[in-house]
Structures are given as structure tokens and as C-alpha cells.
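>>> structure for this input, please:
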Amino acid sequence: MPPGPGSSLRWPRALALAAVATTTGVAAHGYAGGLLPSAAVQVVVFGLCTVGVAALLGGPASTLRVVLLTVGGQTFIHAALTVTAGHRGDPVAATPPVRHVEPTLPAASGRRTGSLLDQYDAARTAAGGTIDTELVLPAGLRHLVADLAGAHAPMMAVHLTAAALVGLWLAVGEHALWTLVALAAGAVLPRAARLLAIAVTPAVGCAVPTVVPALRCPQPPPRLVHLARAVVRRGPPVLLAA
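Below you'll find the model as predicted:
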């Protein structure tokens, strides 16, 4: 089956939407005090966004789909930049030196007693920690959580509203593009097909006839015709011959 207009326009539309989402996502990230990663990381992030968008643009997209793709693309860009580069003022995670301490468990009858959890607890206690040590998330993930809740929630709502407006603008362009494709398919293509048929038909269907000259018998000279009419019958009488 030959590819339709949806397959032909999939990647141009995906590139356009991913470019808009990346541009606005980088702008929002920088406005929030974010740092940018290397150029190679930005290209990879843009490529992932383009591939993800292209998977959902196989045909005409509704307004809701375009808006959701725009909002999701901007959120993905902002999250990827936050995780890979972070923001200004993010605390640098300090890793304390690790001390290897052999756990000491009570021994009975020459063998150690206790479960693996007791051994782990003894090792943590000997190293200066406890079982209740709090898990520390990376700075990028903590910033994302802070953006989605707390004092940064109104700003996140403003960013999502702006992304939705950009999605509506892209949806208008999407509908205009498919309207143009429909008009071209309904008006231009039939005329082009007729012109092509007119141009091809004389060369294929109408062969030029070959003229063969007719064979004509030579006419006798006029004198010979006159003499032939003047010659009388010679021979025995008709009655004698009978």
C-alpha cells in the first residue's frame, strides 16, 4: 500500500512540535534559574522528544491531542534538563567517607548468632549510622518535587497554562494543514490527472496509420483501344461452324 499523506507528514509535524516544545521548555527552565547541559545532551533530549511525538502523529491529530503533546513535551524537556543540569543554588551532595567496619555479633558455642538484619544493624551502628537513616534524593528530583507542590505550585500552573495556549496555537496550524491537504486532493489532483491523461493518451492509444498506395492497372493507349473496337470477326461462317 503506498504511503498516504499522514505518513509523509508525520516527521515534519513531529519536528515542528518538538522544536516548539523544546524552545519553550528551555526558556521556562532558564526562567526558573535552571542550568543547561552540554550540546550533545540537548540534542539527545530533542531527539527523544521528536520520536515520542512522531509515534502519536500518524494521522490528523485532534486539538486535545496536540495540546497534550505540547504540555507533555515541555514537561519532559524541563524534567530532563533539571535532572541532567540542575538549577543555580542547588546544594552539592557531600558523600561522607565510607568506613568498612567488621560487624561484631555475640558468639555462642563458637558460632555467631543472629539474623542478617542483626548483622546489618550492627554494621551500621559501628559505622556511626542507624537503620533509620533518611534517604537523600538527588537535587534534580527534589527540585521537581518542589515545583509540583508547595510554594512553586502556582508557578507550575502558570507554565502549564502557557503550554496549553501554545498547544492550541499548534492545533490551529494542524487543522489548517489538513484542510489544505484535503483541498489539494479534491481540486488539484483530479485536474493534474486529466492533464496527464491528455498528454499520455496520443502517444499510447492513437497510432499513426501507415498509408499504403493502391495498386492500379496500367491503362492501354487510346489508339490500341480504337483498333480493338474496329477489328471484325474472322473465321468460318457461324452456320458452318455449328
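
>>> when you work out contacts or count neighbours from here on, use the C-alpha atoms and nothing else.
OK.

>>> contacts only, for Trp11.
Residues near Trp11 by C-alpha atoms under 8 Å, 6 or more residues apart in numbering: Ala54.

>>> can I assume it sits in a helix?
Yes: counting by DSSP: H, G, I helix; E, B strand; the rest coil, one finds Trp11 located in a helix.

>>> how near is it to Thr82?
To Thr82, Trp11 is 27 Å away according to C-alpha to C-alpha, to the nearest Å.

>>> okay, strands next: where are they in this structure?
Ranges of strands in the chain, per DSSP state E, are 107-108, 111-112.

>>> pLDDT value on the nearest residue to Phe76 once chain neighbours are set aside, please?
Leaving aside its sequence neighbours, Phe76 sits nearest to Cys49 (C-alpha to C-alpha, 6 or more residues apart in numbering; 7.7 Å). Looking at Cys49, its pLDDT reads 95.

>>> now do Met155
You'll see Met155 listed with a pLDDT of 74.

>>> top helix in this structure by residue count?
Among the segments of the chain that qualify as a helix by DSSP state H, the longest is helix 153-183.

>>> buried residues in stretch 176-183?
Going by neighbour count (16 or more other C-alpha atoms under 10 Å), the buried part of stretch 176-183 is Trp178.

>>> what's the mean pLDDT across that stretch?
Taken as a whole, stretch 176-183 has a mean pLDDT of 89.

>>> just the C-alpha atoms of it, please, in PDB.
Taking Å, rounded to 0.1, in the frame of the first residue of the first chain, the C-alpha atoms of stretch 176-183 are listed here in PDB:
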ATOM      1  CA  ALA A 176      -5.100  24.400   8.600                       C
ATOM      2  CA  LEU A 177      -2.500  21.900   7.200                       C
ATOM      3  CA  TRP A 178      -5.000  19.100   6.800                       C
ATOM      4  CA  THR A 179      -7.600  21.400   5.300                       C
ATOM      5  CA  LEU A 180      -5.000  22.400   2.700                       C
ATOM      6  CA  VAL A 181      -4.200  18.700   2.000                       C
ATOM      7  CA  ALA A 182      -8.000  18.000   1.600                       C
ATOM      8  CA  LEU A 183      -8.400  20.900  -0.900                       C
END
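
>>> can we start the residue count at 9 from this point?
Yes, from this point I'll number from 9; that puts the last item at stretch 184-191.

>>> helices of the chain, start to end?
13-16, 18-39, 47-62, 71-92, 124-134, 147-156, 161-191, 197-212, 230-238, 246-249.

>>> can you say which of those helices is packed in most?
Per-stretch averages of neighbours, counted by mean count of other C-alpha atoms under 10 Å, single out helix 71-92 among these, with a mean of 21.

>>> now for it, which elements pack on it?
Where contact means 3 or more C-alpha pairs under 8 Å, 6 or more residues apart in numbering; DSSP states H and E, helix 71-92 is packed against helix 18-39, helix 47-62, helix 147-156, helix 161-191.

>>> and the second one with helix 71-92, angle?
Angle of helix 47-62 versus helix 71-92, following axes from the mean of the first three to the mean of the last three C-alpha atoms, to 10 degrees, is 160 degrees.

>>> now do Ala171 against Gln82, distance only.
Distance of Ala171 to Gln82, given as C-alpha to C-alpha: 7 Å.

>>> for Ala22, same thing?
Here Ala22 is placed at a distance of 14 Å from Gln82 (C-alpha to C-alpha).

>>> same check, this time on Ile206
Per C-alpha to C-alpha, Ile206 is found 52 Å from Gln82.

>>> ok, Met163 next?
Computed as C-alpha to C-alpha, the Met163 to Gln82 distance reads 14 Å.

>>> do the same with Arg73
Using C-alpha to C-alpha, Arg73 is found at 14 Å from Gln82.

>>> lowest-confidence stretch among the strands of the chain?
Among the strands of the chain, strand 115-116 carries the lowest mean pLDDT, a mean of 54.
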